[in-house]
Structure formats: structure tokens, C-alpha cells
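Engineer: Sequence plus the predicted model coming up.
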Amino acid sequence: MQLTDAYDQQNIFAKILRDEMPSIRVFEDETTVAFMDIMPQAPGHVLVIPRVAATNVLTLSADDARAVMTTTHLLAPAVQKAMEAPGLMLAQLNGSAAGQTVPHFHMHIIPRHKGLEMLGHGTEMADIDELAKIATRIRDAI
Ligand code: AMP
């Protein structure tokens, strides 16, 4: 995936936005959607995406970048509280050379606990019931 590639309307997050694929949503507004990462690098891993079709930071407008950050800023304390996390990692990858695997702009919110190593990128599918329970805790903490 090159930084200059055209937007792929069939990417997984585009399908989630069109409700063609399921997701466990924790928040949504007019410009953004946030849902549980299905292969969390740590329990409570949330993704925030813009509704607009943008592959990476180079094709995202400043307004949509602000909207994603506003939602991230709203959810970060909710994730922190729900997971009782002493640390939080925010991450955002652009292009496969940087490790991006889904070509729709997204921000990762990953709770961090000392001594609990993060899993690798997209390594292990989470238990869906467990993800749903965590999502409820996050929603309740917003
Ligand atoms: P990145 O590698 O930065 O593009 O991150 C893509 C993220 O999307 C990874 O953390 C994956 O675990 C996650 N992911 C892939 N497919 C899905 C899906 N259907 N629902 C939720 N998260 C997904």
C-alpha cells in the first residue's frame, strides 16, 4: 500500500462504515466512528476512524483530522477508566512501509499496563463476548 494509492472502497473499515461488516461500536457522531479492534494489541484497544474516505494522513482534511482527534480525546479517558490503565498509547500508521494494514485512516487507542507486553499487530482474534463486555465498560465511562 503506497501513500499515493487511490482510496479502496472495499477496505474493511469502509465496509464497517456502510454496515456491510459487523463492528462493536463504542461511540459515533456525524464525522467519526469508534469501535473495538478485533485483534487487540492489549485489552481495551479501540480504533477511531473518520466517516470520510481517506486512506492516510496525506489525504485527510485538517477538519477531519481534528474530528478524529476530538473523538480520540473524548474516548482516551473512558478507555483509561474502563481498563484501569496506568498508561495509554495513541498510534497511527500511514502506508504499508509504516505497518498500516487497513487503508482507511485510523487512530489506535491502546491501554498499557507495566509488565503487560503488547501483542503484535493483528496477531490474535479476540473473544467477541469479551470484546462486547469491554465495549460496554468503555461506553459507560464516556
Ligand atoms: P493498521 O495496521 O494500523 O492499519 O491497523 C489496522 C487494525 O485494524 C489492526 O489493529 C487490526 O487488528 C484491526 N482490524 C482489522 N480488521 C478489523 C475488523 N474487522 N474490526 C475491527 N478491527 C479490525
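Structural biologist: Arrived safely, thanks for sending.
Engineer: Contacts for whichever strand or helix holds Ile138, please.
Structural biologist: According to DSSP states H and E, Ile138 maps onto helix 128-141. With CB atoms under 8 Å, 6 or more residues apart in numbering as the test, helix 128-141 has contacts from 24-27, 35-36, 38, 40, 43-44, 46, 75, 77-79, 81-83. All C-beta spots, glycine's among them, are computed from the backbone N, C-alpha and C.
Engineer: could you check the angle helix 128-141 makes with the helix ranked longest in the chain?
Structural biologist: Ranked by residue count, the top helix of the chain under DSSP state H comes out as helix 62-83. Angle of helix 62-83 versus helix 128-141, following axes from the mean of the first three to the mean of the last three CA atoms, to 10 degrees, is 100 degrees.
Engineer: doesn't Leu58 make contact with Asp5?
Structural biologist: No - the pair Asp5 and Leu58 does not pass the contact test of CB atoms under 8 Å, sitting 10.4 Å apart.
Engineer: Around the ligand, pick out the residues from the protein.
Structural biologist: Within the chain, the residues that sit near the ligand (CB under 6 Å from any ligand atom) are 12, 21, 23, 37-39, 47, 93, 99-102, 121-122.
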